[in-house]
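In: Would you be able to build a 3D model of this:
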Amino acid sequence: MRRIPLKMIAGRLVAIPVSLFAVATLAFWMIRLSGTNAAASVAGEHATPEAVAATERELGLDRGLWDQYTSFLGGLVRGDLGTSYFTRQPVGEELMARLPLDATAGVLALIVAVVAGVGIGAAGAWYRGGWPDRTGRGAVTLLQSVPEFVLALVLIFVLFYQLRLLPAPVGQIALTQSAPPRITGVVVLDAVPAGDWAAFRAAAAQLVLPVVSFGLVLSAVFAKVTRSSLATVLASPQVEYARALGLPSRRVFASALTVSRTAILTTVAIVSGALIGGNAIMQKIFSLDGAAAFGVDSIFKLDLPVVQGLVLVFGGVTVVLFLLIDILILLLDPRVRATS
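Out: Model prediction:
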């Protein structure tokens, strides 16, 4: 424990509630000051002014903004994110029923991104100037210039429509396949305790396209970071000395990659923010019923409690993830501990 700067970690922990308060405040005021009329959206397109006014009173939107804000913060202190205007269910329950799918798809896409990106970047740094490097840079340029939804549509057209290798993007499981009993809300996970391996295979096949298409786009970031940091390490005097001692190439490469892990871990935290927005796009394309897609629908319907809750939850996840990455880097990199 003496190797870890506890004061620095304590400072990060104190910053979490401050950051969440700032996120909650921004979420509330940006929505309220945008000039939108949530009551009119809830009442319906053809609602009369009297019906809109009645809806405002029912939802508490007729109160002053400061009164609404203090009530909102009071609910957060009690762990209450409010009630959805449309489903009439607690926002916390609505999000918790959907977040496991976001987490599953996001983690799998991140694994694909790290494996593919680090592999491409490491090959480019080791064979710098050679055909692996040129091929990798071309692939990175292509992936960076293509939005994730475009790549997703191309993969759907090729792998589903043309080659029939993967199933149609109709949700978590094919329409002709029965789902296992709900536990987490993620069919591929719920099928394991139920022993329903047919549902497991069908659900896993449904996840291939969204995970691969999103992971490949994100892999470009890891490829660039890995190539840059690893090439710098490979050109350092330490690596030249190791080679002069006659160490095997695989040991030199492994040691250099170990030194580059700090940059890769930092990129994991940064890219995780992109996972949230990208998840929403992918879920809409592939008909997945996750929290991100639910949030997109709520934005269009002006379901303010859901939007606020989603911003707060995703903001909290991002803040905690940055804290965990910071601690992991402190544990793995003595250079960071020495300067902390």
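In: And the pLDDT for the spatially closest residue to Ala168 that is not a sequence neighbour?
Out: For Ala168, ignoring the flanking residues on the chain, the nearest one in space by C-beta to C-beta, 6 or more residues apart in numbering is Phe160 at 5.9 Å. To be clear about C-beta, it is placed using only N, CA and C from the backbone, and glycine gets the same treatment. Model confidence at Phe160, given as pLDDT, is 92.
In: ok, how many other residues are close to Phe160?
Out: 15 (other C-beta atoms under 10 Å).
In: Show the contacting residues for it.
Out: The neighbours of Phe160, taking C-beta atoms under 8 Å, 6 or more residues apart in numbering as the test, are Leu166, Pro167, Ala168, Pro169, Leu209.
In: Could you give the backbone dihedrals for the first one?
Out: For Leu166, the backbone dihedrals are phi -130, psi 160 (criterion: degrees, to the nearest 10).
In: Adjust the sequence numbering to begin at 42 for everything that follows.
Out: Shifting the count to begin at 42 puts that one at Leu207.
In: what's the neighbour count on it?
Out: When neighbours are defined as other C-beta under 10 Å, Leu207 has 17 of them.
In: I'd assumed Ser339 was in contact with Val347.
Out: Yes. Between Val347 and Ser339 a contact is recorded at 3.9 Å, counting by C-beta atoms under 8 Å.
In: So for these two, which sits in the more crowded spot?
Out: Set Val347 next to Ser339 and count neighbours by other C-beta under 10 Å: Val347 wins out with 27 against 24.
In: State the distance from that one to Arg129.
Out: In this structure, Val347 lies at 12 Å from Arg129, with C-beta to C-beta, to the nearest Å as the measure.
In: Give the intersection of the neighbour lists for the two.
Out: When contacts are counted by C-beta under 8 Å, 6+ apart, Val347 and Arg129 are jointly contacted by no residue.
In: Asn320 and Leu149 touch, don't they?
Out: No. Counting by C-beta under 8 Å, Asn320 stays clear of Leu149, with 11.1 Å between them.
In: out of those two, which sits in the more crowded spot?
Out: Here Asn320 and Leu149 are set side by side on neighbour count (other C-beta under 10 Å), and the busier one is Asn320, at 26 against 19.
In: where's that one, which helix or strand?
Out: helix 302-326 (DSSP states H and E).
In: Only the C-alpha atoms, please, for the next helix or strand after that helix, written as PDB.
Out: Using DSSP H and E, the next helix or strand after helix 302-326 towards the C-terminus is helix 332-342. Provided in PDB are the C-alpha atoms of helix 332-342 (Å, rounded to 0.1, in the frame of the first residue of the first chain):
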ATOM      1  CA  ALA A 332     -30.400   2.000 -22.300                       C
ATOM      2  CA  ALA A 333     -28.700   4.100 -25.000                       C
ATOM      3  CA  ALA A 334     -31.400   3.400 -27.500                       C
ATOM      4  CA  PHE A 335     -34.000   4.100 -24.800                       C
ATOM      5  CA  GLY A 336     -32.300   7.400 -24.200                       C
ATOM      6  CA  VAL A 337     -32.500   8.400 -27.900                       C
ATOM      7  CA  ASP A 338     -36.200   7.700 -28.000                       C
ATOM      8  CA  SER A 339     -36.600   9.700 -24.700                       C
ATOM      9  CA  ILE A 340     -34.900  12.700 -26.200                       C
ATOM     10  CA  PHE A 341     -37.200  12.800 -29.100                       C
ATOM     11  CA  LYS A 342     -40.200  12.400 -26.800                       C
END
